[in-house]
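1. would you be able to build a 3D model of this:
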Amino acid sequence: MTTDYQSPTERVQSWLDGSTLHIRFNNPARHNALSVDMWEAVPALLAPAAADERVRLVVFSGAGEKAFVSGADITQFEDMRAAREAVTRYEAMAEAALAGIADFSKPTLSCIRGWCIGGGVNVAIACDIRIAASDSVFSIPAARLGLGYRYSAMKNLVDLVGPGVAKDLFFTARRIDAQEAKAVGLVSRVCEPDQLEALLAEYTGSIGVNAPLTIRTAKAITAEILKPSPEVDLDRCRQMIRGCFDSADYAEGRKAFMEKRKPVFTGK
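-> Model (predicted):
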């Protein structure tokens, strides 16, 4: 193990192990909930990895055994997402991190154990491959909070699991276990928790020795296949997302979340 990659924050750990760059979310006191500095660390680590010939694969994981990523860090929720300007900054920051993962030219993999909620799902589906321990739990709780979801995140979800499953998970905000996640295509493979390290080693080993140009070409062509139609009305999408964040329902959802109670939404 080498320490060539220095994370800009202690809440993200990073190291190069052979041909694999590991990026581990390290906020276990809050089940690895994503804080501002954690979002910002991702592009900073991916940028040098893109040009580093030693790196064949980037693996994202969560510290500890309880969570991959449990969503946004609620201690920053009120300050960072309450005001209009703060929402704009936060969304741009998260978008930059997720786009950096999705557009990274080399393979990326999420190694999931425990809670994978909201922003955690977004990180996972921005990756090329997802493997999970059988004790993992997945959910997209935006509809319980009144959040507007970015076009890119929704597209990643629909591209991965299809529109029917995406709407099921999104509209209900229900939690699903690892086996259902595998059945609907949200993850590729599931194993017992004590076998997760071995399963990950299978991927790091095979991708580390396979032809990197072939893999990068396949990834680039797949991205071309999945490009959005030129008829997509992105302005309308952005306006509707903004409407969610400007709504009374969003204010109620945020308040209820902080107060640990069920929100009462009015559609306004």
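2. C-alpha from now on. contacts and neighbour counts both.
-> Will do.
3. how about the closest residue to residue 41 other than its chain neighbours, phi and psi?
-> Nearest non-adjacent residue to residue 41, counting by C-alpha to C-alpha, 6 or more residues apart in numbering: residue 8, 6.0 Å away. Backbone geometry at residue 8, expressed as degrees, to the nearest 10, gives phi -70, psi -10.
4. again, but for the one 5 residues further on
-> In this entry, residue 13 is assigned phi and psi values of phi -100, psi 150 (degrees, to the nearest 10).
5. tell me which helix or strand the nearest residue in space to it that is not next to it in sequence sits in.
-> Using C-alpha to C-alpha, 6+ apart and skipping residues adjacent in sequence, the residue nearest residue 13 is residue 24, 5.0 Å away. Assigned by DSSP states H and E, residue 24 belongs to strand 20-25.
6. pull that strand out as CSV, backbone CA atoms only.
-> Taking Å, rounded to 0.1, in the frame of the first residue of the first chain, the C-alpha atoms of strand 20-25 are listed here in CSV:
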residue,chain,number,x,y,z
THR,A,20,-6.4,0.4,-7.6
LEU,A,21,-7.1,3.8,-6.1
HIS,A,22,-9.3,3.5,-3.0
ILE,A,23,-11.5,6.4,-2.0
ARG,A,24,-13.2,5.7,1.3
PHE,A,25,-15.9,8.0,2.9
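7. returning to that earlier point: need the contact list for the residue nearest to residue 41.
-> Going by C-alpha atoms under 8 Å, 6 or more residues apart in numbering, residue 8 touches 37, 41, 44.
8. from what I see, the second one and residue 12 are in contact.
-> Yes: counting by C-alpha atoms under 8 Å, residue 12 is a contact partner of residue 41 at 7.0 Å.
9. quick one: which of the two has more around it?
-> Under the criterion of other C-alpha atoms under 10 Å, the comparison of residue 41 against residue 12 puts residue 12 first, with 25 against 22.
10. wait, the more buried one sits on residue 28?
-> No: judged on C-alpha under 8 Å, residue 12 makes no contact with residue 28 at a distance of 10.8 Å.
11. after the lowest-mean-pLDDT helix or strand in the chain comes which helix or strand?
-> Least confident helix or strand, the chain: helix 77-81 with a mean of 57, by mean pLDDT, DSSP states H and E. For helix 77-81, the following helix or strand on the C-terminal side (DSSP H and E) is helix 84-102.
12. who touches that following helix?
-> Here helix 84-102 makes contact (C-alpha under 8 Å, 6+ apart) with 36, 39-40, 42-43, 46, 79-81, 108, 122-123, 126-128, 245-246.
13. CA atoms of the next helix or strand after that helix as CSV?
-> Where DSSP H and E defines the elements, the next helix or strand beyond helix 84-102 is strand 108-112. The C-alpha coordinates for strand 108-112 follow below in CSV (Å, rounded to 0.1, in the frame of the first residue of the first chain):
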residue,chain,number,x,y,z
THR,A,108,-15.1,2.8,-11.1
LEU,A,109,-16.7,0.4,-8.6
SER,A,110,-18.8,1.0,-5.4
CYS,A,111,-18.2,-1.6,-2.7
ILE,A,112,-21.2,-1.3,-0.5
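14. ok so, going back, export the contacts of residue 8 to a markdown table and tack on pLDDT?
-> Below are the contacts of residue 8 laid out as a markdown table (pLDDT from 0 to 100):
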| residue | pLDDT |
| --- | --- |
| 37 | 91 |
| 41 | 96 |
| 44 | 96 |
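15. just the closest of those residues to residue 264, please.
-> When the contacts of residue 8 are ranked by distance to residue 264 (C-alpha to C-alpha), residue 37 comes first, at 31.8 Å.
16. once you drop chain neighbours, what's closest to the closest one?
-> Closest residue to residue 37 apart from its sequence neighbours, by C-alpha to C-alpha, 6+ apart: residue 9 at 6.5 Å.
17. any idea of the pLDDT on the one you found?
-> For residue 9, the pLDDT comes out at 95.
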